[in-house]
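Asks: sequence-free structure coming up:
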């Protein structure tokens, strides 16, 4: 593979969004460590599987939006691989298939390492299959759910509840209902990244028939919704820290609060989609900082 083609595929994988996968696995593993049941091997395989799933989703979005004509000159987001002409649709399909194979290898290895019962093996195999299908079906197919406004719910489920609580279960063999507080927080912050993306391209998405939640709500309510996502995430972490953690380390995640407040204000006051372009990267940083500070605080609190 030449340096230029490698650059194309690295760009298609959208590495700036990958911290969301890191955040979910870090949170789940940190809460497992609080129960003295942390496994480095399980964490590493869970992280690899999560990263592969997110890359698969990014490749599928590149393919699906290109085929449907949503990636056009009016779109404000960064140029994608097929849109730029650097990759053909046929090549992208092959790349997606290769990614699925890698994801299956990683996922099956994780299940074999982390589970003992047939029931758990079957359950996580089913969840893994659902995750692969969801990664592709967001924009690909006759009725992609991303075009029906269901992307936010999917992100909450897979980057929040499944990513965090699933990682916790794989390490502890049980689920504490309180783990769904940081899981929800992690998911809401990931939804915030998607919401910025959808608010940025709201006009083009509407014109192309992509009925994202932002399109359905409209730009003003979409901005208010963004504030709800940020507030809800911090609220969930505050409740968890109050009930489960001790010491000032438990509140490390509040160091990210000024960044979240500034970001929320900038989004709410943004004039149009063009003004939102640099804010997606900021939202990713906000999500990563909040989740990592929380994870570090959890581990220090339990030390």
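Replies: On my side now, so go ahead. Being a predicted model, the structure only gives us computed values, none of them experimental.

Asks: contacts only, for residue 75.
Replies: If a contact means C-beta atoms under 8 Å, 6 or more residues apart in numbering, then residue 75 has 83, 201, 204 as its contacts. For the C-beta atoms, the positions are set from N, CA and C on the backbone; glycine is no exception.

Asks: ignore what I typed, I meant residue 149.
Replies: Residue 149 touches 211, 212, 213, 215, 216, counting by C-beta under 8 Å, 6+ apart.

Asks: what about residue 129, which SS state?
Replies: helix (DSSP: H, G, I helix; E, B strand; the rest coil).

Asks: restricted to buried residues, select the contacts of residue 149 in PyMOL.
Replies: Remark: buried members of the contacts of residue 149, expressed as a PyMOL selection using 16 or more other C-beta atoms under 10 Å:
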select buried, resi 212+213+215
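
Asks: most widely separated two among the contacts of residue 149?
Replies: Of all pairs drawn from the contacts of residue 149, the greatest distance, 8.4 Å, lies between 211 and 213 (C-beta to C-beta).

Asks: ok, the residue lying closest to residue 222 once chain neighbours are set aside - contacts?
Replies: Among residues not flanking residue 222 along the chain, residue 214 sits closest, at 4.2 Å (C-beta to C-beta, 6 or more residues apart in numbering). Listed by C-beta under 8 Å, 6+ apart, the contact partners of residue 214 are 195, 198, 199, 202, 205, 222, 225.

Asks: before we move on, which element is residue 214 in?
Replies: helix 213-217 (DSSP states H and E).

Asks: what do you get for residue 170?
Replies: helix 166-172.

Asks: before we move on, back to that, of the contacts of residue 75, which is the most crowded?
Replies: Most neighbours among the contacts of residue 75, by other C-beta atoms under 10 Å: residue 201, with 26 neighbours.

Asks: that one against residue 72, yeah?
Replies: No - judged on C-beta atoms under 8 Å, residue 201 makes no contact with residue 72 at a distance of 10.3 Å.

Asks: pull up the overlap in contacts between these two.
Replies: By C-beta under 8 Å, 6+ apart, no residue touches both residue 201 and residue 72.

Asks: now flag whichever of the contacts of residue 149 is closest to residue 231.
Replies: residue 213 (17.2 Å).

Asks: ok, and the closest non-adjacent residue to residue 50?
Replies: Closest to residue 50 by C-beta to C-beta, 6+ apart is residue 21, at 3.9 Å.

Asks: hmm, back to that, save the contacts of residue 149 as CSV, and put in pLDDT too.
Replies: Below are those laid out as CSV (pLDDT from 0 to 100):
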residue, pLDDT
211, 94
212, 94
213, 95
215, 95
216, 96
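
Asks: circling back to that earlier point, what lies in contact with the helix holding residue 170?
Replies: Residues from elsewhere that reach helix 166-172 (C-beta under 8 Å, 6+ apart): 24-25, 27-29, 31-32, 35, 37-39, 42-43, 46, 110, 114-115, 124, 127, 175-176, 179, 183.

Asks: how about the worst-scoring helix or strand of the chain on mean pLDDT: buried residues?
Replies: Between all helices and strands in the chain, the lowest mean by mean pLDDT, DSSP states H and E belongs to helix 3-12, at a mean of 80. Neighbour-count burial for helix 3-12 flags 8, 9, 11, 12 (criterion: 16+ other C-beta under 10 Å).

Asks: equivalent analysis for stretch 38-48, please.
Replies: For stretch 38-48, using 16+ other C-beta under 10 Å, the buried residues are 38, 39, 42, 43, 45, 46, 47, 48.

Asks: tell me how many other residues crowd the residue nearest to residue 300 when sequence neighbours are not counted.
Replies: Excluding the flanking residues, the one nearest residue 300 by C-beta to C-beta, 6+ apart is residue 249, at 3.9 Å. Residue neighbour count, defined by other C-beta under 10 Å, stands at 17 for residue 249.
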